[in-house]
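Undergrad: sequence plus predicted model, see below.
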Amino acid sequence: MGRAPTSAPRILVADDDATTRVSIAGMLKEAGYAVTAVMNGAEALRQMQQTNIALAFLDIWMPELTGLEVLARVRARGAQTKIIIMTSDDTPETVLRAIREQAYQYLTKPVEPRTLLELLNDALAAKPVSLPIEVLSARPNWLELLVPCDFEMASRITGFIAQLASDLTVDIRDQIGQAFRELLLNAIEWGGRLDPNQKVRISYLRGQRMVLYRIADPGPGFSFSALTHAAAGQPTDQPMAHVTVRDQLGIRPGGFGIVMTRAMADELLYNEAHNEVIFIKYLTSSVENPGTLDV
């Protein structure tokens with residue numbers, strides 16, 4: 001699982017459930033972190049105002065102030081402390097409020113120890129969050145965001161989107177999650193050139209019988225014939241030719257993303273310039289509680 005650095009940053013754990021609070025605090029202390037544990041939102045806010053907290057895990061439903069209220073007050077005074085929301089309440093409205101208030105990430109209880117530690121280590125290793133996620137629409141059936149072109153943002157947004165699809169079957173959720181992440185990484189890396197001052201526009205639409213993603217990047221677009229670094233740009237009799245190209249260019253392993261995304265999608269549509277893409281997955285009658293349109 002890895003251990004904390006020698007000069008361990010201070011982590012705040014706020015949860016009114018004693019079992020959860022003691023368990024998470026103990027696990028983090030065992031991993032070498034300095035931990036402050038509190039049982040209500042008001043005390044969590046005081047700790048964050050008076051102590052140098054590097055990262056906070058906040059439960060939502062706590063006495064005096066909820067975790068989301070603490071998050072809102074911290075953001076209102078301009079603090080950029082990374083805050084991870086923890087809750088068993090994974091309703092779309094709760095997830096959307098966490099996104100709007102600039103939560104770093106969202107964890108559903110019960111929290112798996114390895115997942116929590118991996119997220120903690122990744123969050124602390126990441127550079128400070130300076131540019132916000134712009135929320136253009138935050139309705140359960142229509143989420144629209146402007147996201148800085150940064151790999152870290154891709155991981156954060158993928159985590160939030162996964163929570164919005166939590167009522168789908170595991171297979172469908174995994175398929176659309178992988179496809180969304182691949183399309184978003186392509187938009188950030190190739191369209192936005194990893195420039196955080198550039199923005200990718202993301203839309204997540206949820207109907208009764210379909211899930212739709214629309215991703216628009218700020219780049220000029222591409223043509224499949226020019227994608228020498230991707231499997232999708234190779235002749236059918238040379239599906240592995242892109243591996244050599246990627247090695248010569250010194251870019252990350254991969255290149256099968258578009259091919260895999262095509263296989264997962266029921267429809268995959270590009271605009272003329274190929275700097276906007278729509279991914280559609282149709283839901284069957286076997287999907288439980290697909291939700292209703294909010295009109």
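TA: Arrived safely. These numbers were taken from a predicted model, which means no experiment stands behind them.
Undergrad: could you pull up the residues touching R201?
TA: Going by CB atoms under 8 Å, 6 or more residues apart in numbering, R201 touches 144-147, 214-216. C-betas here are computed from N, CA, C, even on glycine.
Undergrad: by neighbour count, which of these wins?
TA: Highest neighbour count within the contacts of R201: V147, with 24 neighbours (other CB atoms under 10 Å).
Undergrad: distance from the chain centre to the helix or strand it falls within, please.
TA: Element membership of V147 [criterion: DSSP states H and E] is strand 142-148. Using CA atoms, centre = their mean, to the nearest Å, the distance from the centre of strand 142-148 to the centre of the chain it belongs to is 12 Å.
Undergrad: likewise for stretch 135-149?
TA: The answer for stretch 135-149 is 12 Å, by CA atoms, centre = their mean.
Undergrad: before we move on, what about stretch 178-195?
TA: On CA atoms, centre = their mean, the centre of stretch 178-195 falls 13 Å from that of its chain.
Undergrad: buried set for that stretch?
TA: Buried positions in stretch 178-195, judged by neighbour count with 16 or more other CB atoms under 10 Å: 179-192.
Undergrad: okay, those in JSON lines with pLDDT and secondary structure next?
TA: Shown next, in JSON lines, are those (pLDDT from 0 to 100; DSSP: H, G, I helix; E, B strand; the rest coil):
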{"residue": "A179", "pLDDT": "93", "secondary structure": "helix"}
{"residue": "F180", "pLDDT": "94", "secondary structure": "helix"}
{"residue": "R181", "pLDDT": "93", "secondary structure": "helix"}
{"residue": "E182", "pLDDT": "92", "secondary structure": "helix"}
{"residue": "L183", "pLDDT": "94", "secondary structure": "helix"}
{"residue": "L184", "pLDDT": "95", "secondary structure": "helix"}
{"residue": "L185", "pLDDT": "93", "secondary structure": "helix"}
{"residue": "N186", "pLDDT": "91", "secondary structure": "helix"}
{"residue": "A187", "pLDDT": "95", "secondary structure": "helix"}
{"residue": "I188", "pLDDT": "95", "secondary structure": "helix"}
{"residue": "E189", "pLDDT": "91", "secondary structure": "helix"}
{"residue": "W190", "pLDDT": "89", "secondary structure": "helix"}
{"residue": "G191", "pLDDT": "94", "secondary structure": "helix"}
{"residue": "G192", "pLDDT": "95", "secondary structure": "coil"}
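Undergrad: and the two most separated of those?
TA: Greatest spatial distance in the buried residues of stretch 178-195: A179 and G192, 18.8 Å, computed using CB to CB.
Undergrad: next structured bit after the least confident helix or strand in the chain by mean pLDDT?
TA: The weakest-scoring helix or strand in the chain, judged by mean pLDDT, DSSP states H and E, is helix 241-249 (a mean of 51). Counting by DSSP H and E, the next helix or strand C-terminal to helix 241-249 is helix 257-264.
Undergrad: what's that following helix packed up against?
TA: helix 170-186 (3 or more CB pairs under 8 Å, 6 or more residues apart in numbering; DSSP states H and E).
Undergrad: contacts for stretch 91-110?
TA: 20, 55, 57, 60, 68, 71-72, 75, 82-88, 90, 115-116, 119, 123, 129, 132-133, 135, 138-140, 143, 145, 156, 159-160, 163-164, 166, 291.
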